[in-house]
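Enquirer: sharing a model that was predicted from the sequence below.
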Amino acid sequence: MPASDGELISIYEMQYEDAIKADKITPLILPYHFLNFFALILYILLSPYSAVRRIRFLVFGFILWFSVSMLLNCRTLNHSYGAIIGLYSIWCIYWSATLIVFNDPWRNFKRVTYGPQNSLTWQAMPVSLKDRVSWTLDLVSTLRGTNWSFRFRDPSKIPKPLSKLRDTGSPTLGTLFGRFTLSCVCIDVLKLGMMTDPYFWGYTSSTAPSHFPFFLRNPLILSLYRSVLTTMGIKAALHFQSDLGALICIHLFGPRILGPSGEAWMHPPIFGAFSAVLDDGLVGFWGKWWHQIFRLPFTSTGRWIVEHLGLDPKSEKASAVVMITAFFMSGILHASSTLTLWGETRPWLDVCFFILQPVGIGLQTLLQRAVGQRYREKQEARWALNITTSFLWYYLTMPLLAEGLAAGGIWLFEPIPVSLLRGLGFGTAFGMPKRWWCWRGQWFRWYDDGTWWRRGVAM
């Protein structure tokens, strides 16, 4: 085992260069590896024409083929880019299926825009090509759908007039910057803690390090500790990305450039209220508290399956199909993000974690029904049952996801360039150098393998 995470990264760098020279992998090349994204943009842009809609399956087939090829062959040493390759490849497939196969963007989607006297109104796909380009780029690049009609799960809850949306709570600059700073501090602390444990380097069979306190050497407690650190790392990273995006959209560009997307009320917190877990258990955890970035592709696929099975969309069977489909797709998505990492990846662990969640929801629902009237009428009983059983299921299943992420080396990535703790000397006892600046290596270089269509910037 290497003496430190830095030594392991140096080993990976040599392995990566050898694999590139042997033509075993392809680096991430821009703009070549955006061809699937460009194909989606072009289709949406021309979708009002019936002749284009008739070849939608051909377009989707190309995107599917290109994305799978990228997933299997494209790799990068930067661990953040490595995870993004997998997420991007599968997301292109999911999002293309949503926009090309399961929906008609020309008819099904609307975005918020400015109307008379700066009021808000819905805008379907514009007729003029110039406006349609902006509309299309916004649609294909959105994740949370902050200014789109599909942001609202229940259309009946959309206020009329639409401008009343501005009355919702808006994060101030101080709030956003405070949350962003807090996420940076959390990442710095978590990174330091993780790098003192070889488990987070990818050596997931390692026992507790000798410097751990005695209670963490208990295998049951150690497993919980690593699961909690993993969850906190994921959550901090999501807050970091979300709040950074909000700061850029609201306070760098603003409404003059981005329109309604630059208004503060368009950027609600990425996580919901934790009380949803107390009230609804695992359903509340996944459906209300945890982020909903990928909700639309999951539900669109589930509804399409329900329709083709001939089920009543309001029936329990239909709800179960949609839920199972969503968790299975989520498993494939997260497994792909670990598959494209450079370490010894175990993507099946991610799939197992997510397909077990409907099982936990089903068991918890049976228990809730068994408790009966007391569960429905007594808040204390409901909260106690939900938090206890949700925590138990988390404890049993989260080690699968934690190991899947750690095995690929995702935590070797340096998300923030400056570390206050390591700059002050914390971590030197564990082989970490005392330095403020943490980013290392070459992030970009020119790539040319002799084919003109694959020349570009390699990452």
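Expert: Received the coordinates, thanks.
Enquirer: gap between the most centrally placed residue in the chain and residue 245?
Expert: For the chain, the residue lying nearest the average C-alpha position, counting by C-alpha atoms, centre = their mean, turns out to be residue 293 (6.5 Å). Between residue 293 and residue 245 the distance, using C-beta to C-beta, to the nearest Å, works out to 11 Å. Any C-beta I mention is one placed from the backbone N, CA and C, and that applies to glycine too.
Enquirer: give me the low-pLDDT residue ranges for the stretch 351-459 of the chain?
Expert: Low-confidence regions of the stretch 351-459 of the chain, defined by pLDDT under 70, span residues 442.
Enquirer: that older thread, so for the residue nearest to the centre of the chain, what's the nearest residue that isn't a sequence neighbour?
Expert: The spatially closest residue to residue 293, leaving aside those adjacent along the chain, is residue 143, at 5.0 Å (C-beta to C-beta, 6 or more residues apart in numbering).
Enquirer: could you pull up phi and psi at that neighbour?
Expert: Residue 143 has phi and psi values of phi -110, psi -50 when expressed as degrees, to the nearest 10.
Enquirer: how many neighbours does it have?
Expert: Residue 143 is surrounded by 15 other residues when neighbours are defined as other C-beta atoms under 10 Å.
Enquirer: do the same with the one 3 residues further on
Expert: By other C-beta under 10 Å, 19 other residues sit near residue 146.
Enquirer: try the one 4 residues further on
Expert: When neighbours are counted by other C-beta under 10 Å, residue 150 registers 19.
Enquirer: then the one 10 residues further on?
Expert: By the other C-beta under 10 Å criterion, the neighbourhood of residue 160 contains 6 residues.
Enquirer: the chain should start at 13 in everything you say after this.
Expert: In the new count, where the first residue is 13, that last one comes out as residue 172.
Enquirer: that's a helix at it, yeah?
Expert: No - applying DSSP: H, G, I helix; E, B strand; the rest coil, one finds residue 172 to be coil, outside a helix.
Enquirer: hey, what's the residue nearest to residue 470 when sequence neighbours are not counted bridged with?
Expert: The spatial neighbour of residue 470 that comes closest, neighbours along the chain excluded (C-beta to C-beta, 6+ apart), is residue 459 at 3.6 Å. With beta bridges defined as DSSP bridges, residue 459 has these partners: residue 468.
Enquirer: residues in contact with residue 459?
Expert: Residues in contact with residue 459 (C-beta atoms under 8 Å, 6 or more residues apart in numbering) are 39, 41, 466, 467, 468, 469, 470.
Enquirer: need these in CSV with distance to residue 325, can you?
Expert: Output for the contacts of residue 459, formatted as CSV (distance: C-beta to C-beta, whole Å):
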residue, distance to residue 325
39, 45
41, 43
466, 45
467, 49
468, 45
469, 46
470, 47
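Enquirer: and residue 89, what pLDDT?
Expert: With respect to pLDDT, residue 89 scores 76.
Enquirer: likewise residue 234?
Expert: pLDDT, residue 234: 97.
Enquirer: ok, now the one 3 residues further on?
Expert: What the model reports as pLDDT for residue 237 is 97.
Enquirer: could you verify that it is part of a helix?
Expert: Yes - in this structure, residue 237 lies within a helix as judged by three-state DSSP.
Enquirer: find the nearest non-adjacent residue to it, please.
Expert: Of all residues apart from its sequence neighbours, residue 228 sits closest to residue 237 (C-beta to C-beta, 6+ apart), at 5.7 Å.
Enquirer: quick check: closest non-adjacent residue to residue 443.
Expert: On the basis of C-beta to C-beta, 6+ apart, the spatially nearest residue to residue 443 that is not a chain neighbour turns out to be residue 16, at 2.9 Å.
Enquirer: you'd agree that neighbour is up against residue 444?
Expert: Yes - judged on C-beta atoms under 8 Å, residue 16 makes contact with residue 444 at a distance of 6.5 Å.
Enquirer: which neighbours do the two have in common?
Expert: Each of residue 207 lies in contact with both residue 16 and residue 444 under the rule C-beta under 8 Å, 6+ apart.
Enquirer: who are the packing partners of the strand or helix carrying residue 151?
Expert: Secondary structure assignment for residue 151, by DSSP states H and E: helix 141-153. Counting by 3 or more C-beta pairs under 8 Å, 6 or more residues apart in numbering; DSSP states H and E, the packing neighbours recorded for helix 141-153 are helix 47-58, strand 123-126.
Enquirer: output those as TSV; include the columns mean neighbour count.
Expert: Output for the helices and strands packed on helix 141-153, formatted as TSV (neighbours: other C-beta atoms under 10 Å):
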stretch	mean neighbour count
helix 47-58	19
strand 123-126	20
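Enquirer: confidence score at the residue nearest to residue 305?
Expert: Looking at residue 155, its pLDDT reads 86.
Enquirer: same question for residue 40.
Expert: 90.
Enquirer: do the same with the one 4 residues further on
Expert: Predicted confidence (pLDDT) at residue 44: the value is 93.
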